[in-house]
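[1] I would like the atomic coordinates for the input below:
(chains A and B)
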Amino acid sequence: MPWPAAVTDLERVKTHPAVARLLEWNQASVTAVKYDREEMTISVDSGCIREACALLRDDPGCAFNFLSDVTCVDWYPAEPRFEVIYHLLSIPRKERVRLKVHLDSASPSVDSLTSLWPGANYFEREVFDLFGIRFAGHPYLRRLLMPEDWEGHPLRKDYPVEGYR
Amino acid sequence: MAHLSPTPVLEPGQDRTMILNMGPQHPSTHGVLRVLLEIDGETIVRIMPDIGFLHTGIEKTCEAKFYQQVVPLTDRIDYLCPMTNNLCYVLAVEKLLGLEIPPKAQWMRVLMNELTRINSHLVWLGTHALDIGAMTVFLYCFREREEILKLFEMISGQRMMTSYFRVGGIALEPPLGFFERARNFVASFPQKVDEYENLLTGNPIFMMRTKGVARLSAEDAIALGASGPTLRGSGVDIDLRRDMPYSSYEKFKFKVPVAQEGDVFARYMCRVRELRESNEIARQALAGMPEGPIKADAPGIVLPDREKMKTQMEALIYHFKIITEGFAVPAGEVYQAVESPRGEMGYYIVSDGTAKPYRVHMRAACLANLQTLPTMCEGGLIADVVAAIGSIDIVLGEIDR
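    Here you go, the predicted structure:
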């Protein structure tokens, strides 16, 4: 059974608790929404990801208290090139939401979530290591998986699968 | 090799403290974990794990493979629970495709997953007890694990890198005698768990090494992203199999063991009880195994039966096309999480509409769980680091990918 078409109309999903809470806080914070394959994706303005996450974590109606994952997708050569993706889980409500931030290739940088969830530490270091995204306010932003003296960021699309020879 | 450069650096503090390097080839680090310890006498002031020694770039490799070619790669992430990774990946791709999986395939997946969980927990139990100084349990655990590996070999031809699940179902019908052998194993296993518990649960030495050691509060566990038994051992009652069911787990009755203390012993109790619960799920799966096909009815995606391939033209064409050019997956993105033996294993897959995934990201439960190590160990003793590392059940293959 194929999935129904994705819903990208903000009007139709604004009853979703996370969307409603973000809109109530700041209309401009939500740049796009997508409800597809039973998963909610909210694109958030890159300047307010930390506040948005803090809201969703602390609001009792949302209670997205668990940061499952932080990762990134490189849409090279399109601009904005990078999407940083946050998967939040609400342990009390057993629900997930995905937040997205779009970043240009010129100086990809976004606020770190380590002050909200110390567990963001390794996830953000991994994204920094493999994509070269900077996380402002991260206490120890260094390579995690690759050697310290490695050149380049292997998961970028302009980095060859075989590596540089 | 470049890891030999002195990284990450712990600056020495006052004159009282010294830096001690542990690993990456220390037997109790379960692979190639390197831990830097700043110690004051026997007391740990700071602890810093250093990882990446097993990094193989699996996520990058996935982007160059067809969707079906990624399945064997997922085995190699977490070599103690290959089927869990297989399952998580195929569920994610099936979610992208909107495929419906026949009941027998779903139940087989549940059965194999729970056997995998038992397998993984047995390795954990044996090595954890070995780290703490109980040699015997290791031999007992590997006795039962061997039987599970034989079951895996029977069903997939491989003991460890099984690659048994396929997008759309499972690879093969279980061979003759498989179910009987699995039933025998499941019937005898609870007594075996009693044996392990006789050796450990009431053992005063084991209790002294584990009770009150490496404590982790529920708030810290959630904030640090811990999941699985590491989270449940701190009193947070969440299990994705029960709370966000997949692959028809909602049809099984089982309890989710939770312990409140948050110490090494609590995590031990959670996993040992999980052994019994997994066995119970496997028993239910064997008792109620539905009849029917093991693959979805999706000719362009699922490989045709060998028999049909040799008699029907269409089947041969589909086979050729799937092997040579893969199958296109509609554009979109999904995040699929399953409860692996170590916690929340998640696959985030982005498709751009072609036959190769645009991006595959694995959310490794161990990577997040490892972050709890400093909270657990700082202020404790060096000897307890070994107990703490064992209690979070790390697999470096999954951490480094």
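
[2] buried ones in the lengthiest helix in chain A?
    Taking DSSP state H as the criterion, chain A has its longest helix at helix A:120-131. Buried residues in helix A:120-131, counted by 16 or more other C-beta atoms under 10 Å in any protein chain shown: A:120, A:121, A:122, A:123, A:124, A:125, A:126, A:127, A:128, A:129, A:130, A:131. (Glycine included, C-beta is placed from N, CA and C.)

[3] From chain A, how far out is residue B:172?
    26 Å (C-beta to the nearest C-beta, to the nearest Å).

[4] neighbours around that residue, how many?
    When counting by other C-beta atoms under 10 Å in any protein chain shown, one arrives at 12 neighbours for residue B:172.

[5] contacting residues around it?
    B:155, B:156, B:164, B:294 (C-beta atoms under 8 Å, 6 or more residues apart in numbering or on different chains).

[6] Out of the residues you listed, which comes closest to chain A?
    residue B:294 (19.2 Å; C-beta to the nearest C-beta).

[7] and that closest one, how many neighbours?
    Residue B:294 has 20 nearby residues by other C-beta under 10 Å.

[8] Thought residue B:109 was touching it, still the case?
    No: counting by C-beta atoms under 8 Å, residue B:294 stays clear of residue B:109, with 10.0 Å between them.

[9] shared neighbours of these two, anything?
    In contact with both residue B:294 and residue B:109: residue B:170, using C-beta under 8 Å, 6+ apart.

[10] What is the burial count for the residue of the stretch 151-300 of chain B at minimum distance from chain A?
    Relative to chain A, the nearest point of the stretch 151-300 of chain B is residue B:225 (3.0 Å; C-beta to the nearest C-beta). Using other C-beta under 10 Å, the number of residues around residue B:225 comes to 31.

[11] does it sit in a helix or strand, and which one?
    Assigned by DSSP states H and E, residue B:225 falls within no helix or strand.

[12] Report the separation between the closest residue to it other than its chain neighbours and residue B:371.
    Of all residues not flanking residue B:225 in the chain, residue A:119 sits nearest, at 3.0 Å (C-beta to C-beta, 6 or more residues apart in numbering or on different chains). Counting by C-beta to C-beta, to the nearest Å, the gap from residue A:119 to residue B:371 is 6 Å.

[13] any shared contact partners between the two?
    Joint contacts of residue A:119 and residue B:371 (C-beta under 8 Å, 6+ apart) are B:224, B:225, B:226.

[14] Next up, the contacts around the residue of the stretch 151-300 of chain B closest to chain A.
    With C-beta under 8 Å, 6+ apart, residue B:225 has these contacts: A:66, A:67, A:68, A:117, A:119, A:120, A:123, B:368, B:369, B:371.

[15] Tell me how far the helix or strand where residue B:129 lies lies from the chain's centre.
    If you go by DSSP H and E, residue B:129 is part of helix B:103-132. For helix B:103-132, the separation from the chain centroid amounts to 8 Å (computed by C-alpha atoms, centre = their mean, to the nearest Å).

[16] now the helices for the stretch 201-350 of chain B?
    Assigned by DSSP state H, counting those that start in this stretch, the stretch 201-350 of chain B shows helices spanning B:204-210, B:218-223, B:229-232, B:240-243, B:264-287, B:306-309, B:313-325.

[17] Tell me which of those is the most buried.
    Greatest average neighbour count among those goes to helix B:229-232 (a mean of 30), per mean count of other C-beta atoms under 10 Å in any protein chain shown.

[18] So is it next to chain A?
    No: Helix B:229-232 lies out of reach of chain A by C-beta under 8 Å from any C-beta of the partner chain, never closer than 8.8 Å.

[19] Who are the packing partners of that helix?
    helix B:218-223, helix B:264-287, strand B:343-351 (3 or more C-beta pairs under 8 Å, 6 or more residues apart in numbering or on different chains; DSSP states H and E).

[20] Any idea which helix or strand in chain A has the lowest mean pLDDT?
    One helix or strand of chain A scores below all others by mean pLDDT, DSSP states H and E: helix A:10-13, with a mean of 80.

[21] what does that helix contact?
    By C-beta under 8 Å, 6+ apart, the residues outside helix A:10-13 that reach it are A:7, A:19, A:30, A:32, A:33, A:35, A:40.

[22] Quick check, the last one in contact with residue A:90.
    No: using C-beta under 8 Å, residue A:40 and residue A:90 do not qualify as a contacting pair, with a distance of 11.6 Å.

[23] Now for those two: what residues contact both?
    The contact sets of residue A:40 and residue A:90 overlap at A:96, A:97 (C-beta under 8 Å, 6+ apart).

[24] so can I have JSON lines of the buried residues of helix A:120-131 showing distance to residue B:215 and pLDDT?
    Below are the buried residues of helix A:120-131 laid out as JSON lines (distance: C-beta to C-beta, whole Å; pLDDT from 0 to 100):
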{"residue": "A:120", "distance to residue B:215": "22", "pLDDT": "91"}
{"residue": "A:121", "distance to residue B:215": "20", "pLDDT": "90"}
{"residue": "A:122", "distance to residue B:215": "21", "pLDDT": "91"}
{"residue": "A:123", "distance to residue B:215": "24", "pLDDT": "92"}
{"residue": "A:124", "distance to residue B:215": "26", "pLDDT": "92"}
{"residue": "A:125", "distance to residue B:215": "26", "pLDDT": "92"}
{"residue": "A:126", "distance to residue B:215": "27", "pLDDT": "92"}
{"residue": "A:127", "distance to residue B:215": "30", "pLDDT": "93"}
{"residue": "A:128", "distance to residue B:215": "31", "pLDDT": "93"}
{"residue": "A:129", "distance to residue B:215": "31", "pLDDT": "91"}
{"residue": "A:130", "distance to residue B:215": "33", "pLDDT": "91"}
{"residue": "A:131", "distance to residue B:215": "35", "pLDDT": "91"}
